[in-house]
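**Student:** After the sequence you'll find the predicted model.
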Amino acid sequence: MTKDIILAGVGGQGILTIATILGTAALKRGMNLKQAEVHGMSQRGGDVQSHLRLSTEPIWSDLISLGRADMILSVEPMEALRYLPYLHEDGWIISNSTPFKNISNYPDEESIYSEIRKLKNHVLIDADGIAKEIKASRSMNIVVLGAAIKHLGFGADEIEDAIKTIFARKGEAIVEANLRALQAGLSALSS
Amino acid sequence: MDALMLLGDEALAQGALDAGISGFYAYPGTPSTEIMEYAQRVKQAEGIHRTWSSNEKTAVESAIGMSYAGKRTMAMMKHVGLNVAADPFMNSAFTGANGGLIITVADDPSMHSSQNEQDSRFYGKFAMIPVLEPSNQQECYDMAFYGFELSEKYHVPVMIRLTTRLSHSRAGVVRRSPLPQNTLKKPDDLFQFMLLPAIARKKYQHLIELQDNFVEEAAKSPFNLFALKARDLSKGIICTGLAYNYLREAFQGDQIPYPVVKISQYPLPEKQIHALYDSCDSLLILEEGMPLVEEQLKGLAFKGSKPIHGRLDGTIPRAGELNPNKVAIALGLPDTFGQAVPEIVTGRPPALCVGCPHADSYLALNEAVKEYGRGHVFSDIGCYTLGFMPPYNAINSCVDMGASITMAKGAADSGLFPAVAVIGDSTFAHSGLTGLLDCIFDKSNVVIVILDNSTTGMTGGQDYTAAGKLEQICEGLGVEKEHIRTFVPFKKNFDEMVQIYKEEIAYNGVSVVIPRRECVQTLKRKHKMEA
């Protein structure tokens, strides 16, 4: 099994945490992993992306080829669209619908949503709203992850284990908030 | 041992630690910063030198000194940092090493966070030393051991060249059992580090004589691969470092029908490359960076008429990093593409953070220089370079570390008024002091603004050598006390800030203005840790 995932967002929105959680779950299964990150100038409020590759086979390139990504997992709707050249025709786009507006010419939100809805396989959820509702407003990224894991072939229990491992040193309350966020993301999908 | 998930940078640091390193020396610079940060974070590195240096030159010199004392050491920098360290770097090839000496340079092809995409392998060749170019995270780890051994075997510094996609990509790395550090041991030959002309000439001769050994080492290197037997000889492929991964990716991990040479250790093993050339109808060269191998092959060594394809003939685009698609196209394999980016998607360039002190400093500076029109503010390398972007449009140059002060000086020398330099506090420590001394010596009519956010911001908030001492340093160098002005850059202080800028512009001589307020990112982190 190979899963090539483009993680997208704006610097500081928590896409590397998503990568770490998925990576931990994949390692536990004994899968290979490569994860290319963006550091430096581009992190200062600009668009950021991470290429996450998980496979039972050896992985060569650190970068995903254009047209071959199984998923674009985005914590910001316009950023989801920025990486469409990478998406395989059968691939999924899973995105938060809450825009992050740190530029003055941010496009009309409805036009962004309609571009996302044009895609065969898409999930668009208000992850910020959901996170706030369940009193885990800093775990918006985990809500989006929750909406994605079914399509990545991971069970909720595997991701829960990874969350417990990664957030353990931050204390029980943070672990619980992230587990709630994961569940909320999962059920947002089925509603 | 279980595999660790490490960035290429971290894998190299872990390798160096396990290989018995006694000191890391570096100045932060993307994509090399995480090597030192890893060393600063792990318990294993306690007692090993791991604090930041003022700049890359002082870092390399300190590493040479540690090598002199018989210990294993590494200096790390980004590609343009090697320009700063070029003097000790080039001369270290002549002095050679006593304890293992590795110079690690992380290049940034495609300029993700840099002002150029120079390829450090050219420096390695220029210095005539062995260069190692890992293709994956495990090789980063292993090459630390190998590099120190090679360095100590020939008493020569060894370069390890990384690129962004390896430095900042994570994968599993398997560790070996750690080696002890070297014991303190002065060089056997006390002339070794003495580059007086008469000795240097002998050193150069010795370095020339070593070249054949270096080629032999590359020919039997565990990191180079010579798969010369293949079914399709219409094309032979030479790939360097990371390019090998893209080649394997292009064939989806299947066997490659063409003969392949993978180079991860230089100088080029000529015999094997000749054999490849002789057996194939044409060559395709895949390099992450500039066409170093391609130019060498097209040089005098090969008088043949077979086509050699690569960056020079456009088979691979001349500029920018490689990716799997560029390599597939060069191989004549089908290209893949998802969908075009919808037109409504707009750019989201990096910007100063909300609440950044630089923003307030710039808005006041804009007001103070408004009457002279744009084109009077020389800047430098750091977060504050983003002040070029709207809504600030506050600066007009960015060339290299420290150039703000000296460019302002040159412009002032030619009569430009006002001439304002804007430099970060860490950049000032890196390369600003000597330029300021030039200004003082000539009594140049400049205003030097040292934006003090008390950290090295752009690379993620590292400490730096001049922290807390800026006024003392400026005064010590000779700036008049009454022309060293400080303020706290907040919107509410706008009028005061403009007034201070204006007064110092009016003063005919060297002024230093220091807006001082902590970086919002490091402040946020501190609050988080306290909470």
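**Tutor:** Perfect, thanks for sending it. Numbers count the residues shown, from 1 in each chain, chains lettered A, B, ... in the order given.

**Student:** OK, contacts around the residue nearest the centre of chain B?
**Tutor:** Nearest to the mean C-alpha position of chain B, by C-alpha atoms, centre = their mean, lies B:K78 at 0.7 Å. Applying C-beta atoms under 8 Å, 6 or more residues apart in numbering or on different chains to B:K78 gives the contacts B:29-32, B:105-108, B:114. Yep, even glycine has a C-beta here, placed from its N, CA and C like the rest.

**Student:** quick check, nearest of the residues you listed to chain A?
**Tutor:** The nearest member of these to chain A, counting by C-beta to the nearest C-beta, is B:T30 at 3.2 Å.

**Student:** Contacts only, for that closest one.
**Tutor:** Residues in contact with B:T30, defined by C-beta under 8 Å, 6+ apart, are A:39-41, B:78, B:106, B:108, B:112-114, B:164, B:458-459.

**Student:** A:A26 too?
**Tutor:** By C-beta under 8 Å, 6+ apart, the residues touching A:A26 are A:33, A:54.

**Student:** can you check B:C383 too?
**Tutor:** B:C383 sits next to A:44, B:352, B:356, B:358, B:424, B:453, B:457-458, B:519 when contact means C-beta under 8 Å, 6+ apart.

**Student:** so B:G457 sits right up against B:C519, yeah?
**Tutor:** Yes - here B:G457 lies in contact with B:C519, judged by C-beta atoms under 8 Å, at a distance of 4.9 Å.

**Student:** And these two? Which one has more around it.
**Tutor:** A direct count of neighbours by other C-beta atoms under 10 Å in any protein chain shown for B:G457 and B:C519 places B:G457 higher, at 28 against 23.

**Student:** per-residue pLDDT, the more buried one?
**Tutor:** According to the prediction, B:G457 has pLDDT 92.

**Student:** What of the one 10 residues further on?
**Tutor:** pLDDT for B:A467: 95.

**Student:** Please tell me how far it sits from chain A.
**Tutor:** Noted for B:A467: a distance of 21 Å to chain A, by C-beta to the nearest C-beta, to the nearest Å.

**Student:** ok, so what distance separates that residue from B:H527?
**Tutor:** According to C-beta to C-beta, to the nearest Å, B:A467 and B:H527 sit 19 Å apart.

**Student:** circling back: out of everything not next to it in sequence, what's closest to the residue nearest to the centre of chain B?
**Tutor:** Once flanking residues are discounted, B:K78 sits nearest to B:G29: 3.3 Å by C-beta to C-beta, 6 or more residues apart in numbering or on different chains.

**Student:** Also B:P418?
**Tutor:** In space, and not counting its chain neighbours, B:P418 is closest to B:I505: 4.5 Å by C-beta to C-beta, 6+ apart.

**Student:** Remind me which helix or strand that neighbour belongs to.
**Tutor:** Assigned by DSSP states H and E, B:I505 belongs to helix B:494-506.

**Student:** Would you mind pulling up the elements that that helix packs against?
**Tutor:** helix B:357-369, strand B:446-451, strand B:484-487, strand B:510-515 (3 or more C-beta pairs under 8 Å, 6 or more residues apart in numbering or on different chains; DSSP states H and E).

**Student:** Identify, out of those, the most deeply packed stretch.
**Tutor:** strand B:446-451 (a mean of 30; mean count of other C-beta atoms under 10 Å in any protein chain shown).

**Student:** mind listing what's buried in the next helix or strand after that strand?
**Tutor:** Under the assignment DSSP H and E, the closest C-terminal helix or strand after strand B:446-451 is helix B:470-477. For helix B:470-477, a neighbour-count test (16 or more other C-beta atoms under 10 Å in any protein chain shown) marks B:470-471, B:473-474, B:477 as buried.

**Student:** got it, and stretch A:113-128?
**Tutor:** Across stretch A:113-128, burial judged by 16+ other C-beta under 10 Å covers A:113, A:115-116, A:119, A:122-125, A:127-128.

**Student:** can you give me the strands in chain A?
**Tutor:** Here chain A has its strands, by DSSP state E, at A:2-10, A:32-36, A:47-55, A:69-74, A:87-96, A:122-125.

**Student:** Pipe those into JSON lines and attach distance to A:A80 per row.
**Tutor:** Listed next are these as JSON lines, based on distance: least, C-beta to C-beta, whole Å:
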{"stretch": "strand A:2-10", "distance to A:A80": "6"}
{"stretch": "strand A:32-36", "distance to A:A80": "18"}
{"stretch": "strand A:47-55", "distance to A:A80": "10"}
{"stretch": "strand A:69-74", "distance to A:A80": "4"}
{"stretch": "strand A:87-96", "distance to A:A80": "4"}
{"stretch": "strand A:122-125", "distance to A:A80": "9"}
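
**Student:** Apart from its neighbours in sequence, what residue is nearest B:P187?
**Tutor:** Here the residue nearest B:P187, using C-beta to C-beta, 6+ apart, is B:N98, at 4.5 Å.

**Student:** swap that for B:S151, please
**Tutor:** Closest to B:S151 by C-beta to C-beta, 6+ apart is B:G100, at 4.1 Å.

**Student:** out of the contacts of B:K78, which one sits closest to B:M5?
**Tutor:** Set against B:M5, the nearest of the contacts of B:K78 by C-beta to C-beta is B:P31 (17.7 Å).

**Student:** what's the neighbour count on that closest one?
**Tutor:** Neighbours of B:P31 under the rule other C-beta under 10 Å: 29.

**Student:** so it, which of the three states?
**Tutor:** Three-state call for B:P31 (DSSP: H, G, I helix; E, B strand; the rest coil): coil.

**Student:** Quick check, it in contact with B:T164.
**Tutor:** Yes - contact criterion C-beta under 8 Å: B:P31 and B:T164 qualify, at 4.5 Å.

**Student:** so where's the stretch 201-350 of chain B uncertain?
**Tutor:** Scanning the stretch 201-350 of chain B for pLDDT under 70 picks out B:300-304.

**Student:** and it, which residues reach chain A?
**Tutor:** Residues of the stretch 201-350 of chain B found near chain A (C-beta under 8 Å from any C-beta of the partner chain) are B:242, B:245-246, B:248-249, B:253, B:323-325, B:328, B:335-342, B:344-350.

**Student:** please redo it, this time with the cut-off set to 6 Å
**Tutor:** Residues of the stretch 201-350 of chain B lying close to chain A by C-beta under 6 Å from any C-beta of the partner chain are B:245-246, B:248-249, B:323-325, B:336-339, B:341-342, B:344-346, B:348-350.

**Student:** Just the buried ones among the residues you listed, please.
**Tutor:** Listed as buried from these are B:245-246, B:248-249, B:323-325, B:336, B:338, B:342, B:345, B:348, B:350; burial here means 16+ other C-beta under 10 Å.

**Student:** What number of residues are in the vicinity of the residue lying closest to B:A26 once chain neighbours are set aside?
**Tutor:** Leaving aside its sequence neighbours, B:A26 sits nearest to B:M76 (C-beta to C-beta, 6+ apart; 4.1 Å). Using other C-beta under 10 Å, B:M76 has 33 neighbouring residues.

**Student:** And the helices in the stretch 201-350 of chain B, which stretches?
**Tutor:** Along the stretch 201-350 of chain B, counting by DSSP state H, counting those that start in this stretch, helices occupy B:243-250, B:270-279, B:292-298, B:324-330.

**Student:** and those, which is most packed in?
**Tutor:** Highest mean neighbour count among the helices of the stretch 201-350 of chain B (mean count of other C-beta under 10 Å): helix B:243-250, a mean of 25.

**Student:** Could I get the CA-only coordinates of it as CSV?
**Tutor:** In CSV, the C-alpha atoms belonging to helix B:243-250 read as follows (Å, rounded to 0.1, in the frame of the first residue of the first chain):
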residue,chain,number,x,y,z
ALA,B,243,18.8,12.9,-8.4
TYR,B,244,19.2,9.1,-7.9
ASN,B,245,15.9,9.0,-6.0
TYR,B,246,14.0,10.8,-8.8
LEU,B,247,15.5,8.4,-11.3
ARG,B,248,14.2,5.4,-9.3
GLU,B,249,10.9,7.2,-8.8
ALA,B,250,10.5,7.7,-12.6
